[in-house]
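> Structure for the following, please:
(one chain, ligands or ions: 1)
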Amino acid sequence: PTANIGVVGLAVMGSNLARNLASREGNTVAVYNRSRSKTDELVAEHPEAGFVATFSYEEFAAALQTPRTALIMVKAGAPTDAVIESLMEVFEPGDIIIDGGNSLFTDTIRREKAVRERGFNFVGMGVSGGEEGALHGPSLMPGGPDEAWTTLGPILRSIAAVAPDGEPCVTHVGHDGAGHFVKMVHNGIEYADMQLIAEAYDLIRRGTGKTPAEIADIFAEWNTGELESYLIEITAEVLRQVDAATGKPLVDVILDSAGAKGTGAWTVQTALDLGVPVSGIAEATFARSLSSHREQRAVSGGLPGPAEDAFTVEDPDAFVEQVRLALYASKIVAYSQGFDEIRAGAAQYGWTIDLGAISKIWRAGCIIRAQFLNRIADAYAAEPDLQVLLTAPYFVDALGRAQEAWRHIVGTAATAGIPAPAFSSSLAYYDGLRAKRLPAALIQGQRDFFGAHTYKRIDKEGTFHTLWSGDRTEVEAEDTH
Ligand code: 6PG
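Numbering: from 1, shown residues only. Next up is the predicted model:
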């Protein structure tokens, strides 16, 4: 056997990761794809990679040095299960099977257990950065047994993106589903980030009448400051693009119906189960859903709202700066919520996840890479057990600078009838966290009224119920939550 690692599944992500692996000193990469043509194509197009082409699982296994290491890059779900099963038929105990797809973390937990019981090592690895990242350096989020990490660590470090301080963007996230869980939350944050940027663009466009090209300049300018990030950078590129067919800005001819492949929804569903309020991510996910319900939007166009021309901004430069601050504050909330979900997930599933390390491996290679992640890394370095990320001193200061503008922008959007769901819900979350007292006390009263669900008091221990349908005196009760 000549290869030290193999890749199964040679669609774009798989091919690019295979090429990335092959380009690193000391690696020989075996490749396998269900349909032969993809393998032939890849090997013919990239002779420099020195791939070992294989055309059956037996050949693939025979090409790999032991312990064998195979990276699966096929569709999440049933195709992944099928490949794992095929590999186990030809591999030997101790070999390592890595799933690099966007798998649901609960599937990864299930697979890890099943694969381990048969004596193999299973690693569920989140891979971010799209096609370019896969080829030149992705951010990698592997979860699995320590034993596998010993073999895999050096290989993964060699292909990962490199952060500005020279650190590779990969860490052993935790056991079984931890890596895919963290990748899922990465995508949830990606949804929130994208929605916030889209709301900022919409407000600026409708408030100031600037053209997409002019707004591209604004984003390019923002990209030189605290908002510096890949998503801000590509936003400027998209806004500047002109449609060849019509001569119009491309953004004006793209159908305003956002797609989603499900990872944002998983983040929200999981957060609901864990009881973590990821409202910014949820709003971003729902905003995509709303945009895609074209039939509902078609029948709702006549609903009353403020006059279309009633919204004019007196000082466009000041308004743009307020939008920037609102975007930054909302972004802090989205990341804080995302890290909160990782913390809660780790507690629920028994993973030890170093949140500071996660922020560091997102600094390069992935879609949400941003200068801002250094601030998050600093926050966790100063206080590893930080309960709420946005209460770190740097963020408190940033929110202090932004909050007035943020409120103004949310108010303006509401008055002008411009939807800004992620901006507004992030602000509501922020004020909810800050509140000395919440109207949840009233909800407890209502629950106790109709269902004897009981309540606690602020002034003494115990659980209580008011005899609402009797003489309305209070009695001690069993705690029913
Ligand atoms: C990444 C991305 C990627 C994701 C796409 C599409 O980290 O490289 O998150 O994994 O699949 O962004 O996601 P949607 O189709 O759901 O927008």
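> How about the residues of the stretch 251-400 of the chain by the ligand?
Within the stretch 251-400 of the chain, the positions near the ligand by C-beta under 6 Å from any ligand atom are 259-261, 263-264, 366-367. (C-beta placed from N, C-alpha, C; glycine too.)
> Serialize the residues you listed to a markdown table and add fields for pLDDT.
As requested, those are exported to a markdown table (pLDDT from 0 to 100):
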| residue | pLDDT |
| --- | --- |
| Gly259 | 97 |
| Ala260 | 97 |
| Lys261 | 95 |
| Thr263 | 96 |
| Gly264 | 98 |
| Cys366 | 97 |
| Ile367 | 97 |
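> May I ask which of those residues has the most neighbours?
When neighbours are counted by other C-beta atoms under 10 Å, Cys366 leads those with 28 neighbours.
> isn't that residue right up against Gly137?
No - contact criterion C-beta atoms under 8 Å: Cys366 and Gly137 do not qualify, at 10.1 Å.
> returning to what we had before: narrow the residues of the stretch 251-400 of the chain next to the ligand to those in strands?
Within those, no residue falls in strands by DSSP state E.
> Write out the residues of the stretch 51-200 of the chain neighbouring the ligand.
102, 128-130, 187, 190.
> Show the buried residues in those residues.
The neighbour-count test (16 or more other C-beta atoms under 10 Å) marks 102, 128-130, 187, 190 as buried among these.
> Between these, which sits nearest Ser469?
Asn187 (48.9 Å; C-beta to C-beta).
> Which strand or helix spans that closest one?
If you go by DSSP states H and E, Asn187 is part of helix 178-208.
> I'd like the average pLDDT over that helix.
Taken as a whole, helix 178-208 has a mean pLDDT of 98.
> need the next SSE after that helix, C-terminal direction.
Taking DSSP H and E, what comes next after helix 178-208 is helix 212-222.
> Can you report phi and psi for the residue in the stretch 101-250 of the chain that the ligand sits nearest to?
The minimum distance from the stretch 101-250 of the chain to the ligand, using C-beta to the nearest ligand atom, falls at Ser128 (3.1 Å). For Ser128, the backbone dihedrals are phi -120, psi 150 (criterion: degrees, to the nearest 10).
> Same check on Tyr32?
Dihedral angles (degrees, to the nearest 10) for Tyr32: phi -150, psi 140.
> Return the longest helix in the protein, judged by number of residues.
Longest helix in the chain, counting residues (DSSP state H): helix 316-349.
> What are the buried residues along that one?
319-320, 322-346, 349.
> For the nearest residue to His136 once chain neighbours are set aside, pull up the helix or strand it's in.
Counting by C-beta to C-beta, 6 or more residues apart in numbering, Asn20 is the residue found nearest to His136 once chain neighbours are left out, at 7.0 Å. In the assignment (DSSP H and E), Asn20 maps to helix 12-22.
> and that helix, how far from the chain's centre?
22 Å (C-alpha atoms, centre = their mean, to the nearest Å).
> Report the buried residues of that helix.
For helix 12-22, by 16+ other C-beta under 10 Å, it's 13-22.
> for that helix, packing partners?
strand 5-8, strand 29-32, helix 36-45, strand 69-72, helix 130-136, helix 146-159 (3 or more C-beta pairs under 8 Å, 6 or more residues apart in numbering; DSSP states H and E).
> got CSV for these, with mean pLDDT too?
CSV is the format used below for the helices and strands packed on helix 12-22 (pLDDT from 0 to 100):
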stretch, mean pLDDT
strand 5-8, 98
strand 29-32, 98
helix 36-45, 97
strand 69-72, 98
helix 130-136, 96
helix 146-159, 95
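> The ones you listed into TSV, with extra columns for distance to Thr106?
Listed next are the helices and strands packed on helix 12-22 as TSV, based on distance: least, C-beta to C-beta, whole Å:
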stretch	distance to Thr106
strand 5-8	22
strand 29-32	27
helix 36-45	30
strand 69-72	18
helix 130-136	25
helix 146-159	20
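> Among these, which comes closest to Glu478?
Of the helices and strands packed on helix 12-22, the one closest to Glu478 (C-beta to C-beta) turns out to be helix 146-159, at 44.6 Å.
> list the helices and strands that closest one packs on?
By 3+ C-beta pairs under 8 Å, 6+ apart, helix 146-159 packs against helix 12-22, strand 69-72, strand 96-99, strand 121-128, strand 139-143.
> Would you mind getting the angle between the last one and helix 146-159?
When you say that, I think you mean strand 139-143. With axes from the mean of the first three to the mean of the last three C-alpha atoms, to 10 degrees as the basis, strand 139-143 and helix 146-159 are set at 170 degrees to each other.
> again, but for the first one
Between helix 12-22 and helix 146-159, the angle formed by their directions is 80 degrees, by the same axes, to 10 degrees.
> Let the chain start at 5 from now.
That works, and once the first residue is 5, the last one we named lands at helix 16-26.
> Let me see the contact set for the residue in the stretch 205-354 of the chain that the ligand sits nearest to.
Residue nearest to the ligand within the stretch 205-354 of the chain: Lys265 (3.6 Å; C-beta to the nearest ligand atom). By C-beta atoms under 8 Å, 6 or more residues apart in numbering, the contact list for Lys265 reads Asn106.
> please redo it, this time with the cut-off set to 10 Å
Under the criterion of C-beta atoms under 10 Å, 6 or more residues apart in numbering, the neighbours of Lys265 are 80, 106, 191.
> Gly309 versus Ser296, what's the distance?
Look at Ser296 and Gly309: by C-beta to C-beta, to the nearest Å, they are 21 Å apart.
> Ok, Gly170 next?
Distance from Gly170 to Gly309, by C-beta to C-beta: 53 Å.
> likewise Ala275?
31 Å.
> More neighbours: those two, which one.
Ala275 (23 against 10).
> is the ligand contacted by the helix holding Asn24?
No - shown here: helix 16-26 not in contact with the ligand (C-beta under 6 Å from any ligand atom), separated by at least 8.8 Å.
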